[in-house]
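# How does the following fold in three dimensions:
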Amino acid sequence: MGKNAASPKAESNIQSAAPSAFSRIFGRVNHEDSKELTREVQHLFPTMGFFCLPFLATLLLAAYPRSGRVYVEHFVFALHLQAFYFLAVLVTDVAQAGAGLIYAPLSGLVSFLFFLAGVWLVYRGFRAVYGQGRWRTIIKMVFVGFAYGVILIIGIIVTSFAAALLVQRN
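Below is the predicted model:
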């Protein structure tokens, strides 16, 4: 073992500390409170998206360093992307409900088509704003999308903890 390697006992203490903190917060949530927890997470989700916007703008700044744009311009584009996402979710939900009334299996197809249309529109937005070629735009979209996905997962975890603490407090 190296000089900085942790002992097996210290590693087990670290591994057992995380589940105990998790179980302390979420373990007290009973079945009735789980519905309240779900409502609270749904209520906090747009706020989480708003607080993640600066991270998306930073990712855009990192992906397009020679675009000649300042941080605020990347932030405005990030704001437009986020607004488009919320609008797309609303339109997709309405279209799915309408398609579900006509023919239930059709709602999955409608959802998939709206997803493809959304990806296409985001791609066109990246091309219009940053003016790069197809493949560079696709590669940078994948990079920004993956990195922002990781940020959103962290945001969802933090939001879930905050919602659990709010539910416990009530």
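# CA atoms for contacts and neighbours, from now on please.
OK.
# Okay, buried residues for the single longest helix found in the chain please.
Secondary structure of the chain per DSSP state H: the longest helix is helix 134-169. Buried positions in helix 134-169, judged by neighbour count with 16 or more other CA atoms under 10 Å: 137, 140-141, 144, 148, 152, 155-156, 159-164, 167.
# Likewise for stretch 126-135?
Quick answer for stretch 126-135 (16+ other CA under 10 Å): 126, 127, 130.
# now the second one: how far from residue 134?
Applying CA to CA, to the nearest Å, the value for residue 127 to residue 134 is 8 Å.
# again, but for residue 115
Distance from residue 115 to residue 134, by CA to CA: 19 Å.
# swap in residue 38?
40 Å.
# Likewise for residue 59?
Residue 59 sits 19 Å away from residue 134, going by CA to CA.
# So the residue nearest the centre of the chain versus residue 76, what's the distance?
Central residue of the chain (CA atoms, centre = their mean): residue 152, 3.0 Å from the mean position. In this view, residue 152 and residue 76 are 19 Å apart by CA to CA.
# again, but for residue 121
17 Å.
# what's in contact with stretch 46-60?
71, 74-75, 77-79, 82, 144, 147-148, 151-152, 155-156, 159 (CA atoms under 8 Å, 6 or more residues apart in numbering).
# mind running it again at 6 Å?
74, 75, 78 (CA atoms under 6 Å, 6 or more residues apart in numbering).
# ditto for stretch 73-86
residue 57.
# Name the residues of that stretch that are buried.
Buried, per 16+ other CA under 10 Å, within stretch 73-86: 74, 75, 77, 78, 79, 81, 82.
# confidence score at the second one?
Turning to residue 75, the model gives it a pLDDT of 96.
# if we can go back for a sec, of the contacts of stretch 46-60, closest to residue 89?
residue 78 (16.6 Å; CA to CA).
# how far is the helix or strand encompassing that closest one from where the chain is centred?
Following DSSP states H and E, one finds residue 78 within helix 71-102. What separates the centre of helix 71-102 from the centre of its chain is 13 Å, taken as CA atoms, centre = their mean, to the nearest Å.
# Now do the buried residues in the helix or strand immediately after that helix in the chain.
As assigned by DSSP H and E, the chain's next helix or strand after helix 71-102 is helix 106-130. The neighbour-count check on helix 106-130 (16+ other CA under 10 Å) flags 107, 110, 111, 114, 118, 122, 126, 127, 130 as buried.
# Not counting sequence-adjacent ones, nearest residue to the last one?
Of all residues beyond its chain neighbours, the one nearest residue 130 is residue 67 (6.6 Å), with distances taken as CA to CA, 6 or more residues apart in numbering.
# Neighbours of residue 35, how many?
12 (other CA atoms under 10 Å).
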